[in-house]
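Q: Here is my input, please return the structure:
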Amino acid sequence: MYAIGQFSKKTGLSVRALRLYSDKGLLEPCFISDAGHRYYNDDSIEAIQKIVTLKYLDYSLEDIEEIVCNGEQQLIESFMFQKLQLEKKRNQIERVIASLAQAIEIGKRSEVIDTSLYLSVIFNLLKEDEQRDYLKSILPEELVQRIYDFFEMNVIESNQQYILLANQLKKAYIQPVKDAYLKSLIEQFFSLIPHDIVVELVDVLKEYEDLKMDEWLFPSPFTKEEEEWLISQAERFGLGGTGDE
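A: Predicted coordinates for the structure are as follows:
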């Protein structure tokens, strides 16, 4: 038999972990002395190998407990389900890695980084699939595809310009600038999406008088006050329409 300290060294697991597994009913000591000392034997090694294997396969202690208590029935089905969950997790991790790579490149190319704007860009990168599905629920799928095809070809440059222009507009809201410069900023900001796509988008949205975009899924880079100011300035300059000037 092995005292808990010896068993800990033999298995590489901490005494705390062994006690936790015992409390969960996953690893019962083969003997407990009158003084409360726990002892384990070679059968305990086989039991701990099963626990370690299942933990390595990313099962929670609750899942392991269920498998152990059910006599390990339907283990193949459980493995199939766990494989699907891990594949989903892998896809999510790959998505996060790709988004971070894009975010790093955008950050490197940006002269000035506004933390809020930068994080909103990363949020949009991470939520792209959800945003796309949401837009497809209210817009023609072909139009949504054209929008995303454009941004996928220009994801670094578009987001770099987005950060730069939004930051300059936010500064212009605080510290007034000359009209010619402000008009140029607004024109550039509105032109981040190609004009033909904007025209079609506006025409489609006319059918939805009370449509409000999901503010959680599509965060604005501007505060309510900044948005109202930007719209008023665009109207003052005769910008934001769909017709050619």
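Q: what about Tyr162, distance to Phe150?
A: Between Tyr162 and Phe150 the computed distance is 13 Å (Cβ to Cβ, to the nearest Å). Placement of C-beta: from N, CA and C, glycine included.
Q: Mind checking which of these two has more residues around it?
A: Higher neighbour count among Tyr162 and Phe150: Tyr162, with 19 against 15, using other Cβ atoms under 10 Å.
Q: which residues does the residue nearest to that one when sequence neighbours are not counted contact?
A: Once flanking residues are discounted, Tyr162 sits nearest to Leu192: 6.0 Å by Cβ to Cβ, 6 or more residues apart in numbering. Contact analysis of Leu192 by Cβ atoms under 8 Å, 6 or more residues apart in numbering lists Ser158, Gln161, Tyr162, Leu165.
Q: hmm, which two among the residues you listed are most spread apart?
A: For the contacts of Leu192, the maximum inter-member distance is 10.6 Å, found between Ser158 and Leu165 (Cβ to Cβ).
Q: next one: stretch 49-61 to chain centre, how far?
A: Distance, stretch centre to chain centre, for stretch 49-61: 26 Å (Cα atoms, centre = their mean, to the nearest Å).
Q: oh, I was asking about stretch 113-132
A: Distance, stretch centre to chain centre, for stretch 113-132: 9 Å (Cα atoms, centre = their mean).
Q: Format the CA atom coordinates belonging to it as CSV.
A: What follows is stretch 113-132, C-alpha atoms only, in CSV (Å, rounded to 0.1, in the frame of the first residue of the first chain):
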residue,chain,number,x,y,z
ILE,A,113,-4.2,53.5,-31.3
ASP,A,114,-7.4,54.5,-29.5
THR,A,115,-8.0,51.5,-27.1
SER,A,116,-11.8,51.6,-27.5
LEU,A,117,-11.7,51.8,-31.3
TYR,A,118,-9.0,49.1,-31.4
LEU,A,119,-11.0,46.7,-29.2
SER,A,120,-14.2,47.4,-31.2
VAL,A,121,-12.4,46.3,-34.3
ILE,A,122,-11.2,43.1,-32.6
PHE,A,123,-14.8,42.5,-31.4
ASN,A,124,-16.1,42.8,-35.0
LEU,A,125,-13.4,40.4,-36.2
LEU,A,126,-14.4,37.8,-33.6
LYS,A,127,-18.2,38.3,-34.1
GLU,A,128,-18.0,38.3,-37.9
ASP,A,129,-19.9,35.0,-38.4
GLU,A,130,-22.7,36.1,-36.0
GLN,A,131,-22.9,39.5,-37.7
ARG,A,132,-23.1,37.9,-41.1
